[in-house]
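1. Got a predicted model here, sequence first, then my questions.
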Amino acid sequence: MGGPDRKDELVATEERRRDPWFVDFYRSAVGKKWVMALSGIVLLGYLVAHMIGNLKVFLPAVDGVPELDLYAQALRSLLFPIAPHGVVLWILRVGLIIAFLLHVHAAYSLTIMNRRARPVDYAGPRQYLAANYASRTMRWSGVIVILFVIFHLADLTWGIQPAAPDSWEHGQVYANFIATFSRPWVTAFYVLAQLALAPHIFHGAWSMFQSMGVNHPRFNRWRRYFAVALTAVIVVPNVIMPLSVLLGFVGA
Amino acid sequence: MNITLQVWRQESADRPGRFVTYQVTDIEPDMSFLEMLDVLNERLIAQGEEPIAFDHDCREGICGSCGVMIDGLPHGPQLGTATCQLHMRKFRDGDTIVVEPWRAAAFPVIKDLVVDRSAFDKIIEAGGYISVDTGSAPDANLIPVPKEVADTAFDAAACIGCGACVAACPNGAANLFTAAKVAHLNLLPQGQAERWRRTEAMVETMEQYFGSCTNHGECEKACPKGISIDFIAMMNRDYAKAKVKNRRLLSQSN
C-alpha cells in the first residue's frame, strides 16, 4: 500500500516530542511517589548519620578540644588530601538539598492533585479504618519539619539571632551546642519538632516500601517493625541530647 | 425497628444537593439495606414524592453496582461486603444513619446516591484486557499456571469495580482498583505480551481522573472483596519497570 514513494503520502513535519525518561516518570503520580521514597531514603540516611555524629557531644574532650569539634573538622576535610577541604562535604550537602527539594516538590504537587480529586467532603461522621494519625498528618508534620530545619540552620549553622545564642561562634560546635540548649525555649522547640518528626518518619519509613513495590508476604510485617525501630533510633537520641544540656548532664 | 435516615438528595448533576431526613418506621431487622431503601421508596411514591435514586442490580455482592457511604463508611459498618449484603440488624433501633453518594471528582453525582463511574471504564479501555485472536477454544490447562499464581490472580480479579476504594480514599485515588485490574492480567502468562504497555497506559489514564496514593490503607478495608494493597505495590513496581524496559528485546528475558 502506501510506501514512501507515494505522491499523496502524508508527511509528518514534526517529530513527536519525547521527554527524557526521568521527566516522563516524574510527571506521573506513581513516579513522584518513587521519587519521594528514594529522596526519603536519602533524608533518613542523613538523619541517622547526623544523630550518630551528634552523640559525640557525650564524649570527653581530646587535648582540650571537644570531640564534637574534631568531628566537625573531620567532616570538612573528608577525603582530604585527595579532595580539597570542604569539597566532599559540599557534594554531600548538594545531594541532600536536591533530595529535600524533590521530596517537598513531589509532596506539594501530589497534595494539589489529591485536593482536586476529592473536592467535596463527606458530611457524615467519617470513620477511618486503617489510616492512622501518622498517615493523616504527613502534610502537617512535613511543614513543621521544614520550619524546624530553617530554625535549626539559623541557630547552629548560620548563627542568626535570635535563633542562635548570643555567644555563637563559627566552628565552636560544642560551645554553640551547649549555649543553644541551655535556653529552655529552644530545647522545648527542638523536642516538640522531634515529636512532630516521629510520625513523619514512622509513616514514611513504612510507606516507601509500598511506593517502590517492595512487598513480600514473608517480610511485610517487618516493614512496620523497621519503621518503629528507625523512628526510635532517630528521635530518642535527638530528644535526649538537648534535654541533657538543659538538665546539666552535659557541658555543666 | 425504627430508624432515622439522612439521605443526600440531588435532582441532577447540575443542581445543588441537600440532606433530607426521613423517619423509616417498622423495618424488619432481616431486610437488607437496599430493601429498607425500597420500602422507603414505596412509601415516598405512595405519598407522591420522588423516590431516592440508588444503583443496584444483582443484590448478592457480585455485580458492583450498589455502594453508598453509610455513616462515613463505604458499604456501611460491615467489612468485606457490598451495601446489598448489609442487613438492618447491624443497626440499632432508633439509630440515625447518614447516607451519601461516593465523593470524588471522577465520580460526579448523576442523581441522589447514583454516581457516574465511567472513569473506571476509561482505565479498563487503556489496557485492562488481553489481545487474542478468536478461533476455536484452546484445550483447557494448555498453559501451565502455578496454583499460587492462579490464586493471587483470582484474588485480584475478584474486584467488582464498585468504587468503594475511591470513596474511602482521602485522596480520591483509584490505585486499588487499577492495581487489581493490572495485577490479574500481569500475573498470568496470557497477560505477559502486553504487560508493560498495559501498566503504563492504565496508570497514566487513572491519573487523569483520580488522586494519588498516600498509603493510608483505607481502600483495602473498604473493599467488599478484601483486595490487598499488596497489589498497589506490585503495580508501582511494574510501572517503574515499564518505564525502563527495552521492549524490543523483551522476548529474550523476563
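-> Received, thanks.
2. Only C-alpha atoms from now on, for both contacts and neighbour counts.
-> OK.
3. Contact residues of the stretch 151-252 of chain A facing chain B?
-> Proximity of the stretch 151-252 of chain A to chain B (Cα under 8 Å from any Cα of the partner chain) is limited to residues A:207, A:209-215.
4. what about the closest residue to A:Thr157 other than its chain neighbours, which SS state?
-> Excluding its sequence neighbours, the residue lying closest to A:Thr157 (Cα to Cα, 6 or more residues apart in numbering or on different chains) is A:His170, at 8.0 Å. Using DSSP: H, G, I helix; E, B strand; the rest coil, the structure places A:His170 in coil.
5. Now do A:His170 against A:Ile160, distance only.
-> Counting by Cα to Cα, to the nearest Å, the separation of A:His170 from A:Ile160 is 11 Å.
6. I'd like to know if the helix or strand hosting A:Trp34 reaches chain B anywhere along the stretch.
-> Assigned by DSSP states H and E, A:Trp34 belongs to helix A:29-54. Yes: taking Cα under 8 Å from any Cα as the criterion, helix A:29-54 and chain B are in contact, through A:29-31.
7. Do a quick rundown of the helices in the stretch 51-200 of chain B.
-> Taking DSSP state H, counting those that start in this stretch as the test, the helices found in the stretch 51-200 of chain B are B:118-127, B:147-157, B:164-168, B:175-186, B:195-209.
8. who in chain B is up against chain A?
-> Residues of chain B lying close to chain A by Cα under 8 Å from any Cα are B:70-73, B:98-100, B:103-106, B:170-173, B:203-204, B:207, B:209-218, B:221, B:230, B:232-237, B:239-240, B:243-244.
9. Now go through these and say which are in strands.
-> Of the residues of chain B next to chain A, the ones assigned to strands by DSSP state E are B:70, B:73, B:98-100.
10. Dump those to TSV, plus distance to A:Phe226, pLDDT and neighbour count.
-> Output for these, formatted as TSV (distance: Cα to Cα, whole Å; pLDDT from 0 to 100; neighbours: other Cα atoms under 10 Å in any protein chain shown):
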residue	distance to A:Phe226	pLDDT	neighbour count
B:Ile70	36	96	23
B:Leu73	30	95	26
B:Val98	39	96	24
B:Val99	40	97	27
B:Glu100	39	96	25
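11. Just give me the closest of those to B:Asp38.
-> B:Val99 (14.2 Å; Cα to Cα).
12. In this structure that closest one contacts B:Pro74, no?
-> No: B:Val99 lies out of contact with B:Pro74 (Cα atoms under 8 Å); the separation is 9.8 Å.
13. shared neighbours, these two?
-> With contacts taken as Cα atoms under 8 Å, 6 or more residues apart in numbering or on different chains, the residues that reach both B:Val99 and B:Pro74 are B:Val68.
14. quick one: contacts for the residue of the stretch 51-200 of chain B found nearest chain A?
-> The nearest approach of the stretch 51-200 of chain B to chain A comes at B:Gly72, 4.1 Å away (Cα to the nearest Cα). Residues in contact with B:Gly72 (Cα under 8 Å, 6+ apart) are A:122-127, B:98.
15. what about 7 Å?
-> Counting by Cα atoms under 7 Å, 6 or more residues apart in numbering or on different chains, B:Gly72 makes contact with A:124-127.
16. Break chain B into its domains for me.
-> Split into domains by automatic domain parsing, chain B comes to B:3-111, B:118-252.
17. gap between the longest one and the chain center?
-> Centroid displacement of domain B:118-252 relative to its chain, using Cα atoms, centre = their mean, to the nearest Å, is 14 Å.
18. Are any of the contacts of B:Gly72 buried, and if so which?
-> Buried members of the contacts of B:Gly72, counted by 16 or more other Cα atoms under 10 Å in any protein chain shown: A:Gly124.
19. The contacts of B:Gly72: which ones sit near chain B?
-> The overlap between the contacts of B:Gly72 and the neighbours of chain B (Cα under 7 Å from any Cα of the partner chain) comes to A:124-127.
20. residue ranges for the helices of the stretch 51-200 of chain A, please.
-> Under DSSP H, counting those that start in this stretch, the stretch 51-200 of chain A gives helices at A:67-76, A:87-117, A:133-136, A:138-152, A:173-181, A:184-211.
21. Now tabulate those helices in TSV and tack on mean neighbour count and mean pLDDT.
-> Putting the helices of the stretch 51-200 of chain A into TSV (neighbours: other Cα atoms under 10 Å in any protein chain shown; pLDDT from 0 to 100) gives the following:
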stretch	mean neighbour count	mean pLDDT
helix A:67-76	18	95
helix A:87-117	17	97
helix A:133-136	18	94
helix A:138-152	16	96
helix A:173-181	21	96
helix A:184-211	21	96
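22. Dump those helices into TSV; add distance to B:Arg195 as well.
-> Formatted as TSV, the helices of the stretch 51-200 of chain A follow (distance: least, Cα to Cα, whole Å):
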stretch	distance to B:Arg195
helix A:67-76	48
helix A:87-117	26
helix A:133-136	31
helix A:138-152	33
helix A:173-181	55
helix A:184-211	19
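23. burial count for the nearest residue to A:Val120 once chain neighbours are set aside?
-> Once flanking residues are discounted, A:Val120 sits nearest to B:Arg103: 6.3 Å by Cα to Cα, 6+ apart. Residues lying near B:Arg103 (other Cα atoms under 10 Å in any protein chain shown) number 26.
24. so B:Arg103 makes contact with B:Ala167?
-> Yes: between B:Arg103 and B:Ala167 there is a contact at 5.8 Å, judged by Cα atoms under 7 Å.
25. quick check, B:Phe19 in a strand?
-> Yes: the assignment for B:Phe19 is a strand, going by three-state DSSP.
26. Point me to the residue of the stretch 151-254 of chain B nearest chain A.
-> B:Ala233 (3.9 Å).
27. Tell me which residues touch the single nearest residue of the stretch 151-252 of chain A relative to chain B, please.
-> Proximity of the stretch 151-252 of chain A to chain B (Cα to the nearest Cα) peaks at A:Gly213, 3.9 Å away. Contact partners of A:Gly213, counting by Cα under 7 Å, 6+ apart, are B:233-234, B:236-237.
28. Tell me which of the residues you listed fall in helices.
-> B:233-234, B:236-237 (DSSP state H).
29. so can I have TSV of the residues you listed showing pLDDT?
-> Below are the ones in helices among the contacts of A:Gly213 laid out as TSV (pLDDT from 0 to 100):
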residue	pLDDT
B:Ala233	98
B:Met234	98
B:Asn236	98
B:Arg237	97
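30. Spell out which residues sit in contact with the closest residue to B:Ala104 other than its chain neighbours, please.
-> Nearest residue to B:Ala104 in three dimensions, chain neighbours excluded: A:Arg118, at 4.8 Å (Cα to Cα, 6+ apart). Neighbouring residues of A:Arg118 by Cα under 7 Å, 6+ apart: B:103-105, B:171-172.
31. Highest neighbour count among these?
-> Using other Cα under 10 Å as the neighbour test, those are led by B:Ala104, with 31 neighbours.
32. in whichever strand or helix holds B:Arg43, what's buried?
-> If you go by DSSP H and E, B:Arg43 is part of helix B:33-46. Within helix B:33-46, the residues that count as buried by 16+ other Cα under 10 Å are B:33-42.
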